[in-house]
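S.K.: from the sequence below, what's the structure:
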Amino acid sequence: MKRFKNQILFSSLVSLLLLSSCTEVIDIELNEAERRYVVEGAVVEGTDSAYVLLTKTTSFFDTTSPETENDAQVYLTMPDGSEVQLPYVADGKYVAHGLSLSNASNYSIRVEVDDQTFTAQDYMMPAVVLDSLEYEFDEGLFGGEDGYNIFLNFMDQPGKNFYRVIYTVDGELQNTADDIMVFDDNLNDGVLIRIPIFTYSFAAGDSVDIELQSLSPELYEFYQTFASVASEDAGSPFAAAPANPVSNVEGGALGVFGAYTSSKKSIVIPE
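M.R.: Purely as a prediction, here's the structure:
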């Protein structure tokens, strides 16, 4: 069964991308850009937690894990204006629990480190209910292998909406650059949407968990540009060259902060 993947891996939010190998060595002189902070944060409806990972950018040629920052002050501003500090946990991670999170609300973070202040905000969209999942056999054409497509069915709400699909297969999160799937309702506003997971070919016996996320326009733009940068095998998406995803973090850092809502369903393809 063919799996549509490449060698690029990234973490639950953003993360380091690896350089692809090649058979011919080409000597290209590249400038080393100044290292910058990377802020990766999220709040998710249905949880009681906020999460921020703080790292630094790596060199274009550096395939090691990014350096983490463990001495920052990180704050989350709630919709009512109250502020919650996220304590440091480990490995650049700052986490706060026991929060009451709700959609149709604005959330923002503030990160203070090395006499610098970085801020980001995002609007948590109302969740769109994932009504059902279906599978269909797809006979391979032009030498391709046979497989199964999984379709998501849900009712789009009137107005402009943006979506992201996350999925696991037999408990394994599919998180390569090729697995990034985002789309909008430009041609399907306010109607029933039936869309396949076009980034993966499934096999008989696969147990699949699917999450449909509702995104703000800013998050949608980030994931679109992230996928574009990653597809070029250009090293870390927050490396010095050749380009970076569109970030909603202000103050000179790279990264993204998202307020997410989602709907989940599971399906098993019979053997």
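S.K.: mind naming the longest strand for this protein?
M.R.: Among the segments of the chain that qualify as a strand by DSSP state E, the longest is strand 254-268.
S.K.: buried ones in that strand?
M.R.: Buried residues in strand 254-268, counted by 16 or more other CB atoms under 10 Å: L254, G255, V256, F257, G258, A259, Y260, T261, S262, S263, K265, I267. C-betas here are computed from N, CA, C, even on glycine.
S.K.: ok, of those residues, which one's closest to E172?
M.R.: I267 (15.5 Å; CB to CB).
S.K.: name the helix or strand for the nearest residue to the closest one once chain neighbours are set aside, please.
M.R.: Spatially, and ignoring its direct neighbours in sequence, I267 is nearest to L133 (4.3 Å; CB to CB, 6 or more residues apart in numbering). Using DSSP states H and E, L133 maps to strand 130-138.
S.K.: restricting to C-alpha, output the helix or strand just after that strand in PDB.
M.R.: Once strand 130-138 ends, the next helix or strand along the chain (criterion: DSSP H and E) is strand 147-155. Taking C-alpha atoms only, strand 147-155 is exported to PDB below (Å, rounded to 0.1, in the frame of the first residue of the first chain):
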ATOM      1  CA  GLY A 147      -6.300   1.600  -1.900                       C
ATOM      2  CA  TYR A 148      -9.200   3.300  -0.100                       C
ATOM      3  CA  ASN A 149     -10.300   6.900   0.100                       C
ATOM      4  CA  ILE A 150     -12.000   8.200   3.300                       C
ATOM      5  CA  PHE A 151     -14.600  11.000   2.900                       C
ATOM      6  CA  LEU A 152     -15.600  13.500   5.500                       C
ATOM      7  CA  ASN A 153     -19.300  14.700   5.500                       C
ATOM      8  CA  PHE A 154     -20.300  17.900   7.300                       C
ATOM      9  CA  MET A 155     -22.600  20.900   7.000                       C
END
